[in-house]
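K.L.:
Okay, sequence plus prediction incoming.
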Amino acid sequence: MNLHLTAHHLEITPAIRDYATEKFDKIKRHFENVVIDVNVILSVEKLKQKAEATMHISGKNLFVECEDENLYTAIDMLIDKLDRAVRKHKEKLSARRHDDSGKHAVNE
(Lines give C-alpha, C1' and ligand atoms only; values in the text may rest on other atoms or scores of the structure.)
Protein backbone atom coordinates (compact mmCIF):
# COMPACT_ATOMS: atom_id res chain seq x y z
CA MET A 1 0.00 0.00 0.00
CA ASN A 2 1.31 3.43 -0.93
CA LEU A 3 0.22 5.88 1.78
CA HIS A 4 0.83 9.60 1.17
CA LEU A 5 0.16 11.86 4.15
CA THR A 6 -0.04 15.61 3.65
CA ALA A 7 -1.13 18.37 5.99
CA HIS A 8 -2.67 21.82 5.71
CA HIS A 9 -2.13 24.29 8.58
CA LEU A 10 -0.54 21.68 10.84
CA GLU A 11 2.63 19.67 11.15
CA ILE A 12 2.57 15.89 10.82
CA THR A 13 4.35 14.60 13.90
CA PRO A 14 5.83 11.10 14.06
CA ALA A 15 3.00 10.16 16.46
CA ILE A 16 0.31 11.20 13.96
CA ARG A 17 2.15 9.44 11.10
CA ASP A 18 2.49 6.20 13.11
CA TYR A 19 -1.15 6.35 14.23
CA ALA A 20 -2.45 6.84 10.68
CA THR A 21 -0.17 4.14 9.26
CA GLU A 22 -1.30 1.68 11.94
CA LYS A 23 -4.98 2.44 11.25
CA PHE A 24 -4.59 2.05 7.49
CA ASP A 25 -3.30 -1.50 8.02
CA LYS A 26 -6.95 -2.33 8.71
CA ILE A 27 -7.80 -1.35 5.14
CA LYS A 28 -4.82 -3.20 3.68
CA ARG A 29 -6.18 -6.57 4.88
CA HIS A 30 -8.97 -6.35 2.28
CA PHE A 31 -6.48 -6.35 -0.58
CA GLU A 32 -3.61 -8.79 -0.22
CA ASN A 33 -1.77 -8.65 -3.55
CA VAL A 34 -3.11 -5.42 -5.03
CA VAL A 35 -1.15 -2.17 -5.05
CA ILE A 36 -3.30 0.54 -3.57
CA ASP A 37 -2.57 4.27 -3.58
CA VAL A 38 -4.02 6.27 -0.70
CA ASN A 39 -3.71 10.05 -0.43
CA VAL A 40 -4.58 11.41 3.00
CA ILE A 41 -4.94 15.11 3.74
CA LEU A 42 -5.09 16.25 7.36
CA SER A 43 -6.11 19.85 7.94
CA VAL A 44 -7.22 22.30 10.59
CA GLU A 45 -10.04 24.75 9.92
CA LYS A 46 -10.63 26.95 12.95
CA LEU A 47 -11.69 24.48 15.66
CA LYS A 48 -12.41 21.55 13.33
CA GLN A 49 -9.85 18.89 12.54
CA LYS A 50 -10.49 17.41 9.10
CA ALA A 51 -9.24 14.17 7.57
CA GLU A 52 -9.77 13.32 3.88
CA ALA A 53 -8.69 10.23 1.99
CA THR A 54 -8.74 9.29 -1.67
CA MET A 55 -8.09 5.62 -2.39
CA HIS A 56 -7.21 4.49 -5.90
CA ILE A 57 -8.08 0.83 -6.37
CA SER A 58 -8.61 -1.13 -9.55
CA GLY A 59 -11.63 0.24 -11.34
CA LYS A 60 -12.63 2.92 -8.83
CA ASN A 61 -11.56 5.92 -6.78
CA LEU A 62 -13.02 6.10 -3.28
CA PHE A 63 -13.19 9.45 -1.47
CA VAL A 64 -14.20 9.94 2.17
CA GLU A 65 -13.84 12.82 4.59
CA CYS A 66 -14.52 13.34 8.30
CA GLU A 67 -14.45 16.28 10.68
CA ASP A 68 -14.15 16.31 14.45
CA GLU A 69 -12.70 18.43 17.23
CA ASN A 70 -9.97 15.82 17.81
CA LEU A 71 -7.66 14.79 14.94
CA TYR A 72 -7.27 11.21 16.20
CA THR A 73 -11.05 10.79 16.34
CA ALA A 74 -11.34 12.19 12.82
CA ILE A 75 -8.77 9.62 11.62
CA ASP A 76 -10.70 6.81 13.35
CA MET A 77 -13.97 7.91 11.73
CA LEU A 78 -12.20 8.19 8.36
CA ILE A 79 -10.92 4.61 8.62
CA ASP A 80 -14.39 3.32 9.53
CA LYS A 81 -16.00 5.08 6.54
CA LEU A 82 -13.25 3.93 4.19
CA ASP A 83 -13.55 0.35 5.46
CA ARG A 84 -17.30 0.36 4.74
CA ALA A 85 -16.74 1.80 1.26
CA VAL A 86 -14.08 -0.80 0.44
CA ARG A 87 -16.28 -3.67 1.65
CA LYS A 88 -19.19 -2.33 -0.42
CA HIS A 89 -16.95 -2.10 -3.50
CA LYS A 90 -15.70 -5.66 -2.99
CA GLU A 91 -19.25 -6.98 -2.58
CA LYS A 92 -20.27 -5.33 -5.85
CA LEU A 93 -17.29 -6.86 -7.64
CA SER A 94 -18.03 -10.34 -6.32
CA ALA A 95 -21.72 -9.99 -7.19
CA ARG A 96 -20.79 -9.13 -10.77
CA ARG A 97 -18.44 -12.08 -11.04
CA HIS A 98 -21.09 -14.56 -9.96
CA ASP A 99 -23.87 -13.14 -12.11
CA ASP A 100 -23.85 -14.22 -15.76
CA SER A 101 -25.28 -10.96 -17.09
CA GLY A 102 -22.65 -8.78 -15.44
CA LYS A 103 -25.30 -6.90 -13.47
CA HIS A 104 -26.28 -7.20 -9.84
CA ALA A 105 -28.75 -9.93 -9.02
CA VAL A 106 -31.96 -8.60 -7.48
CA ASN A 107 -33.49 -10.65 -4.67
CA GLU A 108 -37.22 -10.92 -5.13
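P.N.:
Perfect, thanks for sending it.

K.L.:
so where does the residue nearest the centre of the chain fall, helix or strand?
P.N.:
With distances taken as Cα atoms, centre = their mean, the residue of the chain nearest its centroid is Leu82 (3.6 Å). Assigned by DSSP states H and E, Leu82 belongs to helix 71-98.

K.L.:
Find the helix or strand that the closest residue to the residue nearest to the centre of the chain other than its chain neighbours is a member of.
P.N.:
Once flanking residues are discounted, Leu82 sits nearest to Val64: 5.1 Å by Cβ to Cβ, 6 or more residues apart in numbering. For the C-beta atoms, the positions are set from N, CA and C on the backbone; glycine is no exception. Assigned by DSSP H and E, Val64 belongs to strand 60-68.

K.L.:
For that strand, name the packing helices and strands.
P.N.:
Applying 3 or more Cβ pairs under 8 Å, 6 or more residues apart in numbering; DSSP states H and E, one finds that strand 60-68 contacts strand 48-57, helix 71-98.

K.L.:
Could you identify which of those is most buried?
P.N.:
Highest mean neighbour count among the helices and strands packed on strand 60-68 (mean count of other Cβ atoms under 10 Å): strand 48-57, with a mean of 19.

K.L.:
contacting residues around that one?
P.N.:
Applying Cβ atoms under 8 Å, 6 or more residues apart in numbering, the contact partners of strand 48-57 are 27, 31, 34, 36-44, 61-71, 73-75, 77-78, 82, 85-86, 89.

K.L.:
Strand partners (parallel or antiparallel) of that strand?
P.N.:
Paired strands of strand 48-57, with direction, are strand 37-45 (antiparallel), strand 60-68 (antiparallel) (DSSP bridges).

K.L.:
What residues of the last one count as buried?
P.N.:
For strand 60-68, the buried set under the neighbour-count rule, 16 or more other Cβ atoms under 10 Å, comprises 62, 64, 66, 68.

K.L.:
That concludes my questions; thank you for your assistance.
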